[in-house]
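Asks: starting from these lines, generate the structure:
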Amino acid sequence: MTLSLEWIDEREGGSGPREERWMELLEKLLVAAGRMEEVDRGIVTLTLTDDEGIRELNRQYRGLDKPTDVLSFSLLEGEEADIRFEGEYEASETDGEGWEDEEKAGDPFSDLLGDIVISVPRAEAQAAEYGHSFERELGFLFVHGFLHLLGYDHGTEEEERAMFARQEEVLREAGLTR
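Replies: Predicted coordinates for the structure are as follows:
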């Protein structure tokens, strides 16, 4: 298995050709960030939503009743993850991929890195505010969310410098400069 991106568009009207192009860009960023972080397998789920959708998640999970630009929900954090699988899972004979880690063989969620949720209207507004393309802002938010999935944080100045430097490195590699 390699790194892969699965996505859901919860916005009214759903997705179209424009969003398909976004996913091509985000898949490129996922591979670049994964390579830099030495993560070569896993599944990231991206949800595109609006300000109301992300506000509800922000309220429910962070206690902040306001919209934000991006949220990340890592499945790699600690031993007390919210999602657990308590059953049996058998890979189909046709999938061609066996389980490399026998301890995880019964857990179909073991390859999930986590979920990233992005507010598209917030990304559009921030792109205009910062004077760069929407694609650059979307890429920035996606890479930011991905790094959070891997354990990066920006609670201190030192953490913030390290995280933002890594984000810029990934974006630069993809040609998404300011």
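
Asks: excluding sequence neighbours, find me the nearest residue to Ser4.
Replies: Ranked by CB to CB, 6 or more residues apart in numbering and with sequence neighbours excluded, the top spatial neighbour of Ser4 is Ile43, at 5.4 Å. No exception for glycine: its C-beta is placed from N, CA and C like everyone else's.

Asks: show me what the helix or strand hosting that neighbour is packed against.
Replies: Assigned by DSSP states H and E, Ile43 belongs to strand 42-49. Under the contact criterion of 3 or more CB pairs under 8 Å, 6 or more residues apart in numbering; DSSP states H and E, the helices and strands touching strand 42-49 comprise strand 3-9, helix 17-36, strand 112-119, helix 134-149.

Asks: CA atoms only: put the first one into CSV for me.
Replies: By that I understand strand 3-9. Once non-C-alpha atoms are left out, strand 3-9 reads as follows in CSV (Å, rounded to 0.1, in the frame of the first residue of the first chain):
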residue,chain,number,x,y,z
LEU,A,3,-0.1,6.9,0.7
SER,A,4,-3.6,7.6,-0.6
LEU,A,5,-6.1,10.4,-0.3
GLU,A,6,-9.9,9.7,0.0
TRP,A,7,-12.2,12.7,-0.1
ILE,A,8,-15.7,13.7,0.6
ASP,A,9,-17.4,16.9,-0.5
